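Peer 1: sequence-free structure coming up:
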């Protein structure tokens, strides 16, 4: 009986570990164990049939997960305490406005590089001094020698990267052999942030894309209206993507989906305006029918493709530092090639080739009186590129070169 119970408990831990590895909800634990008892395991079948205590309640499963977590954490920390390692940290704010610092460690094992998540640090202050104290307490609590830090990877904000009082300097004061590595993807993300500060059309586009995502993300009813219009057009229903300022790929996807579902989005907004009479819907539709905003989205769709290739390279685990200048140069060459096509009026292979079609849709849906009022300030694809599109790409090239010192 005792041996059977031990085997049963062992199988509970193995089943719980399986759930964790598959990212399944712990509520599936009871169904999984009962299924094993019915089909293939005599020990589990015997315990479930005879005993009233099966350890399948949510409390018991949570306790098993905690035991597994502590076991693997201690196993990892035992190895880490004996090794020199890279400390990776990034600060962010969650939806409840709590500041959190996530901490990772990366080091070399006989089987190759290994990276482990160590935990979250909750902090009310985000000064470099407060973050340094928090990291020291965190590592001390896990009995990890701070002097074993050989590299530190942080983002490029002043709090983290400051030469005199930044977090990287404070860490290097404690561990003199440590070398600071600035997150290159964060450098690339800041290029777009810098462009936003000086380009009003880009700000309007960023606001528009985010507003469209919020409209459908936070209202299932409005999302259902959008889905029904896609089905009417014979389109595969898709969801709009949140355009995060520091995520190039999200902006690219948001722009691509805006272009692909432009007329469907207009019909959806018209329907929502008629049914809800919400001023926000009128504002979104008005912004969607501004030719400058539409043209800028098409320009971004072209421009963000080479930028995204560079971003994906920087995220690769096998990225070679010596190849970075070559990759940056390739990105610059691709952007300059887009400029040449724009200037020659050759839009073949570019998303901007859809500009005339989208402008026609806008004119077709605009009231006659409005078209007459705006006739004097008519926006043309070529005129927009000369005044806004091409200068934007040149500014982006400058930002990328400055970020990587090419």
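Peer 2: Arrived safely. Not measured: the values here are computed from a predicted model.

Peer 1: low-scoring stretches of the stretch 151-300 of the chain, by residue?
Peer 2: 245-246 (pLDDT under 70).

Peer 1: quick one: the strands in it?
Peer 2: Applying DSSP state E, counting those that start in this stretch to the stretch 151-300 of the chain gives strands spanning 179-182.

Peer 1: can you list the domains in this protein?
Peer 2: The record assigns the chain these domain ranges, following automatic domain parsing: 2-77, 82-182, 188-404.

Peer 1: Export those to JSON lines and append columns for mean neighbour count.
Peer 2: All C-beta atoms are positioned from the backbone trio N, CA, C, and that covers glycine. Listed next are those as JSON lines, based on neighbours: other C-beta atoms under 10 Å:
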{"stretch": "domain 2-77", "mean neighbour count": "14"}
{"stretch": "domain 82-182", "mean neighbour count": "15"}
{"stretch": "domain 188-404", "mean neighbour count": "16"}
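
Peer 1: Surely residue 294 and residue 363 touch.
Peer 2: No - with contact defined as C-beta atoms under 8 Å, residue 294 does not reach residue 363; the gap is 11.6 Å.

Peer 1: From residue 359, how far off is residue 83?
Peer 2: 60 Å (C-beta to C-beta, to the nearest Å).

Peer 1: Same question for residue 178.
Peer 2: For residue 178, the distance to residue 359 - C-beta to C-beta - is 55 Å.

Peer 1: same question, residue 155
Peer 2: According to C-beta to C-beta, residue 155 and residue 359 sit 40 Å apart.

Peer 1: Helix, strand, or coil at residue 126?
Peer 2: Assigned with DSSP: H, G, I helix; E, B strand; the rest coil, residue 126 falls in the coil class.

Peer 1: Can you tell me the closest non-neighbouring residue to it?
Peer 2: Counting by C-beta to C-beta, 6 or more residues apart in numbering, residue 126 lies nearest to residue 99, which is 5.7 Å off, once chain neighbours are set aside.

Peer 1: what are the phi and psi values for residue 178?
Peer 2: When read as degrees, to the nearest 10, the backbone of residue 178 gives phi -80, psi 140.

Peer 1: Check residue 163 too.
Peer 2: Main-chain torsions, residue 163, degrees, to the nearest 10: phi -70, psi -30.

Peer 1: quick one: contacts for it?
Peer 2: residue 169 (C-beta atoms under 8 Å, 6 or more residues apart in numbering).

Peer 1: ok, 10 Å please
Peer 2: 169, 180 (C-beta atoms under 10 Å, 6 or more residues apart in numbering).

Peer 1: Am I right that residue 379 sits in a strand?
Peer 2: No - the assignment for residue 379, made by three-state DSSP, is coil rather than a strand.

Peer 1: Would you confirm that it contacts residue 290?
Peer 2: Yes - between residue 379 and residue 290 there is a contact at 8.5 Å, judged by C-beta atoms under 10 Å.

Peer 1: Which residues are in contact with each of those two?
Peer 2: Shared contacts of residue 379 and residue 290, counting by C-beta under 10 Å, 6+ apart, come down to residue 362.

Peer 1: The closest residue to residue 312 other than its chain neighbours and residue 313: what is the separation?
Peer 2: Of all residues not flanking residue 312 in the chain, residue 249 sits nearest, at 7.8 Å (C-beta to C-beta, 6+ apart). According to C-beta to C-beta, residue 249 and residue 313 sit 13 Å apart.

Peer 1: Likewise for residue 300?
Peer 2: To residue 313, residue 300 is 20 Å away according to C-beta to C-beta.

Peer 1: tell me which element residue 307 is part of?
Peer 2: Residue 307 belongs to helix 291-315 when assigned by DSSP states H and E.

Peer 1: next helix or strand past that helix?
Peer 2: The helix or strand immediately downstream of helix 291-315 is helix 324-344, counting by DSSP H and E.
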